[in-house]
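A.B. asks: take a look and give me a structure for this.
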Amino acid sequence: MAQNLAAVDLRGGWDAAWAPIQSILGAGVLKIVAAIGVLIVVSAFAKWVWDKRRGGGGNSSALLWSLAIGALLTGPTVVIPVALWLFDGVANVVLKLFNNNGAK
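C.D. replies: A predicted model of the protein is given here:
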């Protein structure tokens with residue numbers, strides 16, 4: 001008896017939950033916040049690479065804090081949707097394998 005498992009769509013749920021918040025705050029504000037987060041990450045990484053190239057230790061602690069702050073700022077519009085999309089893909093591949101193996 002083969003059981004068909006439904007597809008996983010966590011990204012769709014996140015989009016549905018985030019849409020009302022985005023409409024209240026405005027898409028422009030969230031894009032600016034996400035751009036600031038990306039700018040923080042890129043500039044911290046560039047500074048870390050520059051310090052490493054000049055023979056310095058490259059302050060990894062500052063890089064990690066900058067990555068954390070950047071991820072926090074870009075989280076709702078970039079990080080969370082991308083992470084959910086990746087998880088959806090992996091989960092759907094696994095479910096497809098189980099569905100195909102169960103059908104034999």
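
A.B. asks: what's the neighbour count on Trp50?
C.D. replies: Neighbour count for Trp50, taken as other Cβ atoms under 10 Å: 11. Using the backbone N, CA and C atoms, a C-beta is placed for each residue, glycine as well.

A.B. asks: same question, Pro76
C.D. replies: Neighbour count for Pro76, taken as other Cβ under 10 Å: 17.

A.B. asks: under a three-state scheme, what state does Ile21 occupy?
C.D. replies: Per DSSP: H, G, I helix; E, B strand; the rest coil, the secondary structure class of Ile21 is helix.

A.B. asks: quick check: the residue lying closest to it once chain neighbours are set aside vs Gly70, distance?
C.D. replies: What sits nearest to Ile21 in space, not counting adjacent residues and going by Cβ to Cβ, 6 or more residues apart in numbering, is Pro76, at 7.7 Å. Distance of Pro76 to Gly70, given as Cβ to Cβ, to the nearest Å: 13 Å.

A.B. asks: for this protein, give me the ranges with low pLDDT.
C.D. replies: Low-confidence segments of the chain (pLDDT under 70): 1-5, 57-58, 102-104.

A.B. asks: spatially central residue in it, please.
C.D. replies: Val79 (2.1 Å; Cα atoms, centre = their mean).

A.B. asks: what ranges do the helices span in this protein?
C.D. replies: Under the criterion DSSP state H, the chain contains helices at 10-25, 27-53, 60-74, 80-102.

A.B. asks: and the second one, what does it pack against?
C.D. replies: Applying 3 or more Cβ pairs under 8 Å, 6 or more residues apart in numbering; DSSP states H and E, one finds that helix 27-53 makes contact with helix 60-74.

A.B. asks: how far is the helix it packs on from where the chain is centred?
C.D. replies: Relative to its chain's centre, helix 60-74 lies at 14 Å (Cα atoms, centre = their mean, to the nearest Å).
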